[in-house]
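Undergrad: fold the following.
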Amino acid sequence: LQIFFMAGWFECIAFDRQWNQENPIPGNYGYDPLGFTKREGGWESEELTSLRLKEIKNGRVAMMTMAAWVSNEAIPGALPVWHP
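TA: The predicted structure is shown next:
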């Protein structure tokens, strides 16, 4: 019950920061303990833009991998690899 309460509280804060405070970057909750955004250019620097793009691509590949894994387990022979 406590986990659901904390997750709901975090989602409420995230919603407020994203939509009510007009934050232009999704997922930017102001938590930056290592100071990546304090560099020259901030969020719009070439390095951070490249890192954000790499993170998005990595997430997409991970989602495709999980979908392939689930389909291979649910439908034997769905992927052209050995299945026990």
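
Undergrad: helices of this structure, start to end?
TA: Using DSSP state H, the helices of the chain run over 2-15, 46-74.

Undergrad: can you list the buried residues in the longest one?
TA: Of the residues in helix 46-74, those scored as buried under the neighbour-count criterion (16 or more other Cβ atoms under 10 Å) are Leu48. To be clear about C-beta, it is placed using only N, CA and C from the backbone, and glycine gets the same treatment.

Undergrad: remind me what it packs against, helices and strands.
TA: Packing contacts for helix 46-74, counted by 3 or more Cβ pairs under 8 Å, 6 or more residues apart in numbering; DSSP states H and E, involve no helix or strand.

Undergrad: please renumber the chain so that the first residue is 13 from this point on.
TA: Got it, the first residue is 13 from now on, which makes the last one we talked about helix 58-86.

Undergrad: can you tell me which of the helices of the chain is nearest to Arg51?
TA: Among those, the nearest to Arg51 by Cβ to Cβ is helix 58-86 (7.4 Å).

Undergrad: can you give me the distance of Gln14 to Trp21?
TA: 10 Å (Cβ to Cβ, to the nearest Å).

Undergrad: next: Trp55.
TA: In this view, Trp55 and Trp21 are 26 Å apart by Cβ to Cβ.

Undergrad: neighbour count: those two, which is higher?
TA: Using other Cβ atoms under 10 Å as the criterion, Trp55 and Trp21 rank with Trp55 on top: 14 against 10.

Undergrad: can you tell me how far the more buried one is from Leu63?
TA: For Trp55, the distance to Leu63 - Cβ to Cβ - is 11 Å.

Undergrad: again, but for Leu13
TA: Remark: distance between Leu13 and Leu63 (Cβ to Cβ) = 37 Å.

Undergrad: before we move on, what about Phe48?
TA: Distance from Phe48 to Leu63, by Cβ to Cβ: 8 Å.
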